[in-house]
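Trainee: here are the coordinates; sequence isn't available:
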């Protein structure tokens with residue numbers, strides 16, 4: 001394998017925007033949508049006067065710097081914007097609530113908009129280049145999404161079925177099923193491994209639990225605080241079943 005490709009896939013965990021503080025995102029939690037929702041929900045809306053910021057570490061994740069992480073005694077969570085926590089304050093993330101519930105560090109490796117393939121790539125990098133954690137949680141994204149790395153521009157691209165440029169001819173749902181199965185095999189008998197998803201089609205295709213909405217975040221699209229607490233409780237119980 002080309003050394004550059006090998007470095008990208010197996011040596012580093014790549015997030016979204018590194019070392020930056022943002023108060024809105026370019027995706028669903030935009031300032032325009034926030035102002036619209038204030039008009040829609042009024043002064044009593046949970047987010048009307050709620051301070052919300054997105055602070056990422058130098059690897060682009062909404063978690064502490066990697067050099068400060070005790071990986072061997074942590075729970076690692078991989079996923080898309082539902083794990084990253086779009087539309088939610090840091091204290092309302094399901095990863096943060098799970099950390100409070102278990103008393104163990106929960107490392108948030110969520111990246112907005114990515115596919116199952118990207119989650120598997122970071123899972124492989126974790127497996128090959130970082131200490132093995134106590135547990136790995138895969139909150140799988142939509143079954144038809146995919147990601148790619150553009151070497152000419154040195155950045156990641158993500159492709160969603162409802163966006164221009166998405167290629168249906170590549171049968172991404174089938175490729176992603178095999179990616180998820182590969183990830184299961186990679187970690188089998190090595191640690192506590194838990195899968196779930198906020199997408200019904202992914203739940204059906206991967207035969208895993210579907211975690212539905214109970215409320216919404218500031219963007220009016222992702223899980224809100226109530227749902228995040230339910231999700232954290234779900235994972236806490238699953239971890240307990242596996243001795244964590």
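Mentor: Right, received. Where do you want to start? All values reported here derive from a predicted model rather than from experimental measurement.

Trainee: residue boundaries of the helices in this protein?
Mentor: 3-6, 31-41, 81-84, 94-102, 116-129, 172-187, 200-206, 225-241 (DSSP state H).

Trainee: can you name every helix or strand that the third one contacts?
Mentor: Using 3 or more CB pairs under 8 Å, 6 or more residues apart in numbering; DSSP states H and E as the contact criterion, the elements in contact with helix 81-84 are strand 106-110. Glycine gets a C-beta too; all of them are placed from N, C-alpha and C.

Trainee: what packs against the strand it packs on?
Mentor: Using 3+ CB pairs under 8 Å, 6+ apart, strand 106-110 is in contact with strand 75-79, helix 81-84, helix 94-102.

Trainee: chain center to that strand, what's the gap?
Mentor: In terms of CA atoms, centre = their mean, to the nearest Å, the centre of strand 106-110 is found 7 Å from the chain centre.

Trainee: between helix 94-102 and that strand, find me the angle.
Mentor: In terms of direction (axes from the mean of the first three to the mean of the last three CA atoms, to 10 degrees), strand 106-110 departs from helix 94-102 by 170 degrees.

Trainee: quick one: strands adjacent to strand 106-110?
Mentor: Paired strands of strand 106-110, with direction, are strand 75-79 (parallel) (DSSP bridges).

Trainee: so for the strand it pairs with, what's the average pLDDT?
Mentor: Mean pLDDT, strand 75-79: 98.

Trainee: now do it against helix 116-129, angle only.
Mentor: Put simply, strand 75-79 runs at 150 degrees to helix 116-129, going by the same axes, to 10 degrees.

Trainee: which residues touch strand 75-79?
Mentor: 83, 95, 98-99, 102, 104-111, 119, 122-123, 126, 133-141, 239, 244 (CB atoms under 8 Å, 6 or more residues apart in numbering).

Trainee: residue 77 versus the closest residue in space to residue 85 that isn't next to it in sequence, what's the distance?
Mentor: Sequence neighbours aside, residue 93 is the residue nearest to residue 85 in space, at 4.0 Å (criterion: CB to CB, 6 or more residues apart in numbering). Using CB to CB, to the nearest Å, residue 93 is found at 9 Å from residue 77.

Trainee: okay, and the common contacts of those two?
Mentor: Shared contacts of residue 93 and residue 77 (CB under 8 Å, 6+ apart): residue 108.

Trainee: okay, now the nearest residue to residue 57 once chain neighbours are set aside: neighbour count?
Mentor: Using CB to CB, 6+ apart and skipping the chain neighbours, the partner closest in space to residue 57 is residue 65 (5.0 Å). Counted with other CB atoms under 10 Å, the neighbours of residue 65 add up to 11.

Trainee: what's the answer for the one 3 residues further on, then?
Mentor: Each residue near residue 68 was counted by other CB under 10 Å, and the total is 9.

Trainee: follow-up on the earlier one: let me see the contact set for the residue nearest to residue 85.
Mentor: Contacts of residue 93 by CB under 8 Å, 6+ apart are 62, 85, 108, 228.

Trainee: check residue 236 too.
Mentor: The neighbours of residue 236, taking CB under 8 Å, 6+ apart as the test, are 98, 101-102.

Trainee: how close does it sit to residue 175?
Mentor: From residue 236 to residue 175 the distance is 32 Å (CB to CB).

Trainee: now do residue 220
Mentor: Taking CB to CB, one finds residue 220 at 31 Å from residue 175.

Trainee: among the helices and strands packed on strand 106-110, which is nearest residue 38?
Mentor: helix 81-84 (21.5 Å; CB to CB).

Trainee: partner residues bridging residue 197?
Mentor: Beta-bridge pairing for residue 197 (DSSP bridges): residue 210.
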